[in-house]
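Asker: structure for this input, please:
(4 chains)
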Protein chains: 2
Amino acid sequence: MSAKPFTSVWTREPKGRREQGLSRDQIVRAALELLDEEGLNALSMRKLGARLGAGATSLYWHVANKDELLELALDDVYREVLTPAGASWRETAGAVAWGLRGAVLAHPWCVGLIGVLPSIGPNALAMSDRLVKACKEAGFQGMDIDFAVGAVIAYTLGAAVPEATWRGMLSRSGGSAREAQNEMIPMIEGLAAGHPDLLERYKDYTSGGLDPLTARQIAFDYGLVALLDGLDARRPRPGATPDEGGTARVGGERVTPDAPGTAPQ
Amino acid sequence: MSAKPFTSVWTREPKGRREQGLSRDQIVRAALELLDEEGLNALSMRKLGARLGAGATSLYWHVANKDELLELALDDVYREVLTPAGASWRETAGAVAWGLRGAVLAHPWCVGLIGVLPSIGPNALAMSDRLVKACKEAGFQGMDIDFAVGAVIAYTLGAAVPEATWRGMLSRSGGSAREAQNEMIPMIEGLAAGHPDLLERYKDYTSGGLDPLTARQIAFDYGLVALLDGLDARRPRPGATPDEGGTARVGGERVTPDAPGTAPQ
DNA sequence: GAGCCCAATCGCACACTGTACGAGAGGAAG
DNA sequence: CTTCCTCTCGTACAGTGTGCGATTGGGCTC
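Answerer: Below is the predicted model of the structure:
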């Protein structure tokens, strides 16, 4: 209120100390651009710094590690998965699954980070939270909520990750998806020698007259519907007696489940 | 038969040209040791060469790339997953799932390779082949065979990969799994601020009195049983009219499935 | 205004990476 | 003997993440 020259947050354009410098958001945005354009291996701190007109080590003021930077970039991918409001449990789960798949396919570099870096950023948590809420409202109880959420995300990532690298191989070999797929037949025949069933399966895939990309969509849908069906069957119907069919009812015969006839640990 | 000095494969001990040199199998074995002991980042060609008493670049005679070497190592992991002979479809699928999970957990370094490197080695193909055979015998037909196999493997890898890294974090923080889990509570509380449902879910996990490791086993089993139930329901019963419920029946309402209310592509 | 502080940037250096290249070793074949 | 072919290894190069100290320059208090 004193007689100072007029000043405001809005008149003082640069929010920071310097005129315009790096900011963490700017760095992450530039990293996302570079990753989308040239892939994971092409991202180096020097190259990223150069793109921002800054020195390589300047970035380390805003970001502790390269890994931390990649965590930020990865979490940004999770922001792309949206869920419709006021939808049923199945709709929400389906939306998360398809959205997550789409996000991974749109940013193939993240297959090298999923599972390696922790996914506990705000966007990843928000996605999980929406799924948890949907499962809870649908009647899942206790740890079953977590089991269902985990199953949907596990299936989705497990399906999307190899598909992303498969798409990368196709596009790198040039031509349409179907052409590239057909060109691979002799190589596959050599690999699958001694496994006639595998080979037959692959030929079904290519000779079906179906576009390989939509074939993968159908495959994803098939497994997703099966999983959601199975989860739905284990869901206690809301309105029934609460705590019925509750926590940790193991499905099969084994009480301490471990691999039947399988490697240790 | 001529009057040469006696010679045989067994007298000439070294099978190769040199007395004893590197061999591809030897290199892969040493790489597996190093990976199991020190992890993926610790494997460098120089270190691996030193372990074998050889120069770093000597390895490149037997192996084209570091990536190719890692492909060989990764395929060796798939060899660990065994399947019981003469088992039902569900037993085989369960054995593959648990075995694959066990193999990944036993070799945590492979989470950084799954999805990045192609998995088309002989052991990976053999595993797929066994699963394909089981699905085929159980009545699945056409592309549904591939869909079912893909779904089981996708779920398994998608569940095992984050669990492997989660186990790594626990063991790196020292102490028992439950202690480590409890120590993380304040950190989780900070992260999950604004997501009360998520937080409640996590606390259920820790306060359940269940060992975290067996809790994850139960979680894996829950999703696996749900998935197999769902797949089983879509399986045409053998003995029925063939080609019934055949190829590519899309599950839901969408014919060209793409994310409902989701990012492009 | 002068002086200071401190957030921010940068250059340099270090240890280390994958691997291309060419020289060399040494057994087998003529 | 010579010639060849398989295999090994030293050197070198371009590139990596990042620790450290020097430097800069805008905003603050006198």
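
Asker: every contact and neighbour count from this point should use C-alpha atoms.
Answerer: Will do.

Asker: up against DNA strand D, what does the stretch 51-200 of chain A have?
Answerer: Within the stretch 51-200 of chain A, the positions near DNA strand D by C-alpha under 7 Å from any atom of the strand are A:56-57, A:64-67.

Asker: which of those lies closest to residue A:228?
Answerer: residue A:67 (34.4 Å; C-alpha to C-alpha).

Asker: around DNA strand C, pick out the residues from the stretch 51-200 of chain A.
Answerer: Neighbours of DNA strand C within the stretch 51-200 of chain A, by C-alpha under 7 Å from any atom of the strand: A:53-59, A:61-62.

Asker: do that again at 6 Å, thanks
Answerer: By C-alpha under 6 Å from any atom of the strand, the residues of the stretch 51-200 of chain A that approach DNA strand C are A:54-55, A:57-58, A:61.

Asker: make JSON lines from those and add pLDDT to it.
Answerer: As requested, these are exported to JSON lines (pLDDT from 0 to 100):
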{"residue": "A:54", "pLDDT": "93"}
{"residue": "A:55", "pLDDT": "93"}
{"residue": "A:57", "pLDDT": "96"}
{"residue": "A:58", "pLDDT": "96"}
{"residue": "A:61", "pLDDT": "95"}
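
Asker: ramachandran angles for residue A:64?
Answerer: Phi and psi for residue A:64, reported as degrees, to the nearest 10, are phi -70, psi -40.

Asker: what's the distance between it and residue A:110?
Answerer: As judged by C-alpha to C-alpha, to the nearest Å, residue A:64 and residue A:110 stand 20 Å apart.

Asker: neighbour count for these two, which is higher?
Answerer: residue A:110 (26 against 10; other C-alpha atoms under 10 Å in any protein chain shown).

Asker: for the more buried one, helix, strand, or coil?
Answerer: At residue A:110 the chain is in helix, as set by DSSP: H, G, I helix; E, B strand; the rest coil.

Asker: go ahead and confirm it touches residue A:104.
Answerer: Yes - using C-alpha atoms under 8 Å, residue A:110 is in contact with residue A:104, at 6.6 Å.

Asker: run through chain A and note the low-pLDDT ranges.
Answerer: Scanning chain A for pLDDT under 70 picks out A:1-20, A:239-265.

Asker: okay, now the domains of it?
Answerer: A:24-63, A:78-233 (automatic domain parsing).

Asker: which of these sits most buried?
Answerer: Ranked by mean neighbour count, the domains of chain A are led by domain A:78-233 with a mean of 19 (mean count of other C-alpha atoms under 10 Å in any protein chain shown).

Asker: for the lengthiest helix in chain A, the distance to its chain's centre please.
Answerer: Assignment by DSSP state H gives helix A:143-172 as the longest helix of chain A. Helix A:143-172 sits 7 Å away from the centroid of its parent chain (C-alpha atoms, centre = their mean, to the nearest Å).

Asker: repeat that for stretch A:76-86.
Answerer: Taking C-alpha atoms, centre = their mean, one finds the center of stretch A:76-86 at 11 Å from the center of the full chain.

Asker: list the contacts of stretch A:132-141.
Answerer: Stretch A:132-141 has contacts (C-alpha atoms under 8 Å, 6 or more residues apart in numbering or on different chains) with A:88-89, A:92-93, A:145-146, A:148-149, A:235-238, A:243, A:246-247, B:197-198.

Asker: can we see that at 7 Å?
Answerer: Stretch A:132-141 is contacted by residues A:89, A:92, A:145, A:149, A:235-238, A:246-247, B:197 when judged by C-alpha atoms under 7 Å, 6 or more residues apart in numbering or on different chains.

Asker: can you tell me which of these are in strands?
Answerer: Among the contacts of stretch A:132-141, no member is found in strands (DSSP state E).

Asker: any chance of the residues you listed in JSON lines, with distance to residue A:207 too?
Answerer: Conversion of those to JSON lines gives the following (distance: C-alpha to C-alpha, whole Å):
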{"residue": "A:89", "distance to residue A:207": "37"}
{"residue": "A:92", "distance to residue A:207": "34"}
{"residue": "A:145", "distance to residue A:207": "41"}
{"residue": "A:149", "distance to residue A:207": "36"}
{"residue": "A:235", "distance to residue A:207": "39"}
{"residue": "A:236", "distance to residue A:207": "43"}
{"residue": "A:237", "distance to residue A:207": "43"}
{"residue": "A:238", "distance to residue A:207": "46"}
{"residue": "A:246", "distance to residue A:207": "47"}
{"residue": "A:247", "distance to residue A:207": "46"}
{"residue": "B:197", "distance to residue A:207": "48"}
